[in-house]
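>>> Sequence first, then the predicted structure, then my questions.
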Amino acid sequence: MTEVSRRGFLRAAAAAAALGHHAARAADPPKSSGGRPSGPTVIASANGLPATAKAAELIAQGVAPVDAVVAGVAIVEADPTDHSVGLGGLPNERGVVELDASVMDGPTHNSGAVAGLQRIRHPAQVALRVLRRTDHAILVGAGALEFARAHGFEEENLLTDEARRIWLKWKESHSDRDDWIPPVDAPDAGAVRRDSGSVLHTYGTINCDALDARGNLGGVTSTSGLSYKLPGRVGDSPIIGAGLYVDNEVGAAGSTGRGEAVIKNCASFATVEQMRAGKSPTDACLAALGRIVAHVKDARLRRADGRPNFDVKMYALAKDGRFGAASIWSGARFAVYSNGHNRLEDAGYLFDRPEDMKG
Ligand code: GLY
């Protein structure tokens, strides 16, 4: 980073940190006599409003946070209109849907994950079985599918007609050096946006983290991953420390956005460690994002002004019930259930989103 852009970055980070402090103060929940919120607190990425509501309902009934968040994201995994997760997720470059997911349980510090899982609508549920019914942390590809079959998960074609048409439009129009020709009246593939250089793709995902009144935490991240990825590509979502991390003494964190950047910066682990060091959840997210930005060295991943040409969003929930989220670029929201209310809140951010990154 040049000195000029470094100063700009520090100014933006300071401004964003101020925003984050505001968000964290507004988020302070009513406390029980033990100093923790008296009811469930659940956060998620913006597509997770149904998940936060469901998880909170289950936690209030006594369900453990890790089970509750998996049940919550199941609603989104089953939604064919969400092209970032489960059924209807956008496929790899060959048109095959490959799902990644991880879960982490605060009280036991156990985790489970699956990567490159095909034909199973609820990868987070399979990840929870990996946690509970194996001595392993991650199962991938054919082995993950065999494990899911052994546990009776139903197999199905996850590529909906809409997702197939979005993929086909990409396939027919992403190169003029092949023999695929798009129809002149091809419908606009609304789920596809430009957020990384000249490549058209999406990184949508759901992360959901929960805290119960006893101070126990659980988290889940589930995704169809980068659209049109190379077959076998694994993102951050199933990597503990990258797309999800829970420490029952400190808090939980998760991510959505460009998984490669999250993996290379252990961003969820870094966010939890920033909370351990005393930062508010929003400031912890901003610090992890600042580190991601500082490590973007490849010219192909930088805009002309030196800033990243991609986005990452971090979500954080502290053991005392404070919560927050932040993104590299402005405009992000996140889902929150606290104090009996389920809603979307604005996330903190590092930089104002420029016009050419909107839409
Ligand atoms: N964060 C989702 C992915 O990159 O796969």
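Nice, I can see it.
>>> Can you give the distance of stretch 324-340 from its chain's centre?
12 Å (CA atoms, centre = their mean, to the nearest Å).
>>> List the buried residues for it?
Applying a neighbour-count criterion of 16 or more other CB atoms under 10 Å, the buried positions in stretch 324-340 are 324-330, 332-338. Backbone N, C-alpha and C define where each C-beta goes, glycine included.
>>> How is the residue most central in space within the chain assigned, secondary-structure-wise?
Residue closest to the average C-alpha location in the chain (CA atoms, centre = their mean): residue 256, at 2.9 Å. With DSSP: H, G, I helix; E, B strand; the rest coil as the basis, residue 256 sits in strand.
>>> Would you confirm that it contacts residue 222?
No. Residue 256 lies out of contact with residue 222 (CB atoms under 8 Å); the separation is 10.5 Å.
>>> shared neighbours of these two, which are they?
205-206 (CB atoms under 8 Å, 6 or more residues apart in numbering).
>>> and the buried residues of stretch 324-340, which of them are in strands?
324-329, 333-338 (DSSP state E).
>>> Kindly reformat the buried residues of stretch 324-340 as TSV containing distance to residue 226.
Formatted as TSV, the buried residues of stretch 324-340 follow (distance: CB to CB, whole Å):
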residue	distance to residue 226
324	26
325	21
326	21
327	17
328	17
329	18
330	23
332	18
333	22
334	21
335	22
336	27
337	29
338	31
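>>> Among those, which one sits closest to residue 68?
residue 337 (10.5 Å; CB to CB).
>>> wait, that closest one sits on residue 59?
No. Using CB under 8 Å, residue 337 is not in contact with residue 59; the gap is 9.1 Å.
>>> Now list whatever residues contact both of those two.
With CB under 8 Å, 6+ apart, residue 337 and residue 59 have common neighbours 40, 42.
>>> Counting neighbours, what do you get for residue 113?
Other residues within reach of residue 113, judged by other CB atoms under 10 Å, total 31.
>>> where does the stretch 151-300 of the chain dip in pLDDT?
185-201 (pLDDT under 70).
>>> three-state assignment of the nearest residue to residue 247 once chain neighbours are set aside?
Leaving aside its chain neighbours, residue 247 sits nearest to residue 272 (5.2 Å; criterion: CB to CB, 6 or more residues apart in numbering). Using three-state DSSP, the structure places residue 272 in helix.
>>> is it true that residue 272 touches residue 248?
No. With contacts counted by CB under 8 Å, residue 272 stays clear of residue 248, the gap being 10.5 Å.
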